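Chemist: here is my input, please return the structure:
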Amino acid sequence: MFPSSKIFVAGHRGMVGSAILRALKRQGYSNFVLRTHSELDLTRQDQVEKFFESEKPEYVFLAAAKVGGIVANSSALADFMYENMIMEMNVINSAWRNGVKKLEFLGSSCIYPRMAHQPMKENCLLTSELEKTNEAYALAKISGLKYCEFLNRQYGTDYISVMPTNLYGPNDNYHPTNSHVLPALIRKFHEAKINGLEKVTCWGDGSPLREFLYVDDLAELCVFLMNNYSGNETVNAGTGKEITIKNLAELVAEIIGYKGKIEWDTTKPNGTPRKLLDVSKAEKLGWHYKTELKDGIKLAYKDFIKAIRNSELKK
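Modeler: Now for the predicted structure:
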């Protein structure tokens, strides 16, 4: 990409898209074509086709997605599969038909098998069954990355895919039931603290192991890969470090200053037992994460407080 290149960031107001936009601006890019959901509904093929035909972006970061935690994924299976798949196919297909020079597709580590060998390498994709609680979302993301691969193989396009681990940071979703685990814990412990609650109940038994990447670190990788990587195989994005959900909850409570008791509701699902990415490929390409988990949670908590002050939190 050149500083003057015309860049479309799909989903630029979400956590990942906004981080990519910040990274691009920091590196001197300025020619952006951006649309809000009300201006461009990516699930509508006619709107997407007209947008690409009229704007002709040269580079596309496909960060738009319908996302959520275990509750949202398992209770709205059809919605997660349809909306994500239709968005991906519309954008990727229109990009190809309108001569986009390069497209980068943002996926998720949930594409990998539930019981994959840890840490998970990029080539473990489709080697065994998926985690049932987010199967619909995973299938949609697999379809998107495979469509990029098939366009490359059939038509010689230069479309790449990035698979990040669990993300957190500015512009996250802090909804009490539809968010991912880390932002959900931030909200839960903050509200327990200000309401003087003696205990906080968390889902599962606290044993699952998870990896967390600060979203601005991902964004730096996304821009780096757009300029330095081409290939059909996806690239994992993570830290290579993991933490139990129990220890994560204790860390969030400590940062927020909650002094009460933490209890675990074992009637609720744990999800995948362990999910750690092998990030050696990204590191060999020249990228390494910068933000340690404790520092990142402190930054995320500041973002949460800002969202409260701006009355942006959903009840």
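Chemist: now the helices: where do they sit in the stretch 1-150 of the chain?
Modeler: Using DSSP state H, counting those that start in this stretch, the helices of the stretch 1-150 of the chain run over 15-26, 45-55, 70-75, 77-97, 135-155.
Chemist: of these, which shows the lowest average pLDDT?
Modeler: Averaged per stretch, pLDDT over those is lowest on helix 70-75, reaching a mean of 60.
Chemist: ok, back up a step: closest to Ser108 out of the helices of the stretch 1-150 of the chain?
Modeler: helix 135-155 (5.3 Å; C-beta to C-beta). C-beta coordinates here come from the backbone N, C-alpha and C atoms, glycine included.
Chemist: so, low pLDDT: which residues of the stretch 151-300 of the chain?
Modeler: Across the stretch 151-300 of the chain, nothing is flagged by pLDDT under 70.
Chemist: let me see the ranges of the helices in it.
Modeler: For the stretch 151-300 of the chain, helices defined by DSSP H, counting those that start in this stretch occupy the ranges 181-194, 215-228, 245-256, 280-285, 293-309.
Chemist: ok, Leu125 touching Ile142?
Modeler: Yes: the pair Leu125 and Ile142 qualifies as a contact (C-beta atoms under 8 Å) at a distance of 7.2 Å.
Chemist: quick one, which of these two is more surrounded?
Modeler: Neighbours were counted for Leu125 and for Ile142 using other C-beta atoms under 10 Å; Ile142 has more, 21 against 18.
Chemist: list the contacts for the residue nearest to Phe105 when sequence neighbours are not counted?
Modeler: Using C-beta to C-beta, 6 or more residues apart in numbering and skipping the chain neighbours, the partner closest in space to Phe105 is Ser161 (4.5 Å). If you count contacts by C-beta atoms under 8 Å, 6 or more residues apart in numbering, Ser161 has them with Glu104, Phe105, Leu106, Gly107, Gly144, Leu145, Cys148, Glu149, Thr234, Val235.
Chemist: and those residues, which are buried?
Modeler: Glu104, Phe105, Leu106, Gly107, Gly144, Leu145, Cys148, Glu149, Thr234, Val235 (16 or more other C-beta atoms under 10 Å).
Chemist: surely the fourth one touches Thr234?
Modeler: Spelled out, it's Gly107. Yes: judged on C-beta under 8 Å, Gly107 makes contact with Thr234 at a distance of 6.7 Å.
Chemist: which residues do those two both contact?
Modeler: Leu145, Ser161, Val162, Met163.
Chemist: among those residues, which two are most distant?
Modeler: Maximum distance among those (C-beta to C-beta): 9.2 Å, for Leu145 and Val162.
Chemist: where do the contact lists of these two overlap?
Modeler: Counting by C-beta under 8 Å, 6+ apart, the residues touching both Leu145 and Val162 are Phe105, Gly107, Thr234.
Chemist: phi first, then psi, for the last one.
Modeler: Here is the backbone geometry of Thr234 (degrees, to the nearest 10): phi -70, psi 170.
Chemist: I'd say it and Cys124 touch.
Modeler: No: here Thr234 does not reach Cys124: they are 10.9 Å apart, not a contact under C-beta under 8 Å.
Chemist: nearest to Glu191, of the buried ones among the contacts of Ser161?
Modeler: Among the buried ones among the contacts of Ser161, and counting by C-beta to C-beta, the member closest to Glu191 is Leu106, at 30.4 Å.
Chemist: grab the nearest non-local neighbour of that closest one.
Modeler: Ala63 (4.7 Å).
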